[in-house]
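# Show me how the following folds:
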Amino acid sequence: MGAQHPLIARLTGDLGYPLLDAAGLAAFCEVPGDAMLFCGGDPVAYPETLDLAVVLPELVRAFPGRLRAGVAAAELEPALQARYGFSRWPSLVFLRDGDYLGTLSGILDWAVYLERIEDLLAGPVVRPPSIGIPLTATPAHCH
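You can find the predicted model right below:
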């Protein structure tokens, strides 16, 4: 695993958000309450990742005592993408007691973050969407 960008390293080092591998994710999901997972992807390929790394602590502060954050390790991100069905980087995945609430992808206006996160936290858990599996049909033949 390569070195983390300093803005992402700040999340786990200075701010103490856990860096989650598969085992860490399981433990993170066992803690009751609402949480969000930072899935940044490659910050070189997805520059918005660094913007979201700056916004993330502000989002936690905007919902004091209601929301905790974790940072997905790079090797865990493909599994999270498949599990939670997001197709854009970076993404925040919201969970309650380990169950799925929803995902916000890309960088958004502050007011949009506040409104959408409030809606997610007020709503029920839901089934994660699928990223889609292409289906092919074979022609039916009647003889």
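
# host element of residue 57?
Using DSSP states H and E, residue 57 falls within helix 48-62.

# Pull the contacting residues for residue 79.
residue 22 (C-beta atoms under 8 Å, 6 or more residues apart in numbering). Any C-beta I mention is one placed from the backbone N, CA and C, and that applies to glycine too.

# Downstream of the strand or helix carrying it, the next helix or strand is which one?
Following DSSP H and E, one finds residue 79 within helix 77-84. Scanning forward in sequence from helix 77-84 by DSSP H and E, the next helix or strand is strand 91-96.

# Sheet-wise, list the partners of that next one with their directions.
In its sheet, strand 91-96 lies beside strand 34-39 (antiparallel), strand 99-105 (antiparallel), with partners assigned from DSSP bridges.

# how about those, which one is nearest residue 77?
Counting by C-beta to C-beta, residue 77 lies closest to strand 34-39 out of those; the figure is 5.2 Å.

# angle of that closest one against helix 48-62?
Computed by axes from the mean of the first three to the mean of the last three C-alpha atoms, to 10 degrees, the angle separating strand 34-39 from helix 48-62 equals 160 degrees.

# check contacts around the closest residue to residue 24 other than its chain neighbours.
For residue 24, ignoring the flanking residues on the chain, the nearest one in space by C-beta to C-beta, 6 or more residues apart in numbering is residue 18 at 5.9 Å. Under the criterion of C-beta under 8 Å, 6+ apart, the neighbours of residue 18 are 12, 24, 28, 70-71.

# what's the farthest-apart pair in those residues?
In the contacts of residue 18, the most distant members under the criterion C-beta to C-beta are 12 and 28, with 12.7 Å between them.

# which regions of this structure lie under the pLDDT threshold?
Residues of the chain meeting the criterion pLDDT under 70: 1-2, 131-143.

# where's residue 107, which helix or strand?
Using DSSP H and E, residue 107 sits in no helix or strand.

# dump the residue contacts of it.
Neighbouring residues of residue 107 by C-beta under 8 Å, 6+ apart: 48, 51-52, 55, 90.
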